[in-house]
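*Asks:* Here is the input, now give the coordinates:
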Amino acid sequence: MQELWNNLTMKHKSGTADADEEKLYNRMAKAIKLLASNPRHPGLHTHEIKELTARYGRKVWQSYLENKTPKAGRIYWVYGIGQGAITIIGLEPHPDDKSNAYNKITLSSIEL
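*Replies:* Alright, predicted model coming up:
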């Protein structure tokens, strides 16, 4: 996730980001700002994903990057590394398979 964010930031600052990259950068930047100030901000619609919590052995949270669009982007995160810190461990479209929605999601390593 860090590599993706660094790449998007570099392209944004240098003006070389394409339209999709610029859109993703802006949505991620807004979500990160909201997460930093209040992980429970109403615009993020933050909630625990119990299926991922069970799989990874620690609480995994999902917050919205966007809403009311097909395959709306979601970021997945955990509390950790330091006191009050949040670590983003995934970026995925909202799963559309209702029965096994989170089985296909693979998150970054959670070795905190």
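*Asks:* Tell me the helix or strand right after the one helix or strand residue 30 maps to.
*Replies:* In this structure, residue 30 sits in helix 19-37 according to DSSP states H and E. Using DSSP H and E, the helix or strand that follows helix 19-37 in sequence is strand 47-48.
*Asks:* any idea of the mean pLDDT in that next one?
*Replies:* Here strand 47-48 scores 94 as its mean pLDDT.
*Asks:* That one pairs with which strands, and in what direction?
*Replies:* When pairs are called by DSSP bridges, strand 47-48 turns out to pair with strand 61-64 (antiparallel).
*Asks:* ok, residues contacting the partner strand?
*Replies:* 31, 34-35, 39, 43-49, 72-78 (Cβ atoms under 8 Å, 6 or more residues apart in numbering). Placement of C-beta: from N, CA and C, glycine included.
*Asks:* Can you give me the distance of the residue nearest to the spatial centre of the chain to residue 24?
*Replies:* With distances taken as Cα atoms, centre = their mean, the residue of the chain nearest its centroid is residue 75 (1.4 Å). Between residue 75 and residue 24 the computed distance is 11 Å (Cβ to Cβ, to the nearest Å).
*Asks:* Identify the contacts common to the two.
*Replies:* In contact with both residue 75 and residue 24: residue 65, using Cβ under 8 Å, 6+ apart.
*Asks:* that older thread, secondary structure class of the residue nearest to the centre of the chain, three-state.
*Replies:* Following DSSP: H, G, I helix; E, B strand; the rest coil, the label given to residue 75 is strand.
*Asks:* Pretty sure it sits against residue 49.
*Replies:* No: if you go by Cβ atoms under 8 Å, residue 75 and residue 49 don't touch, sitting 11.4 Å apart.
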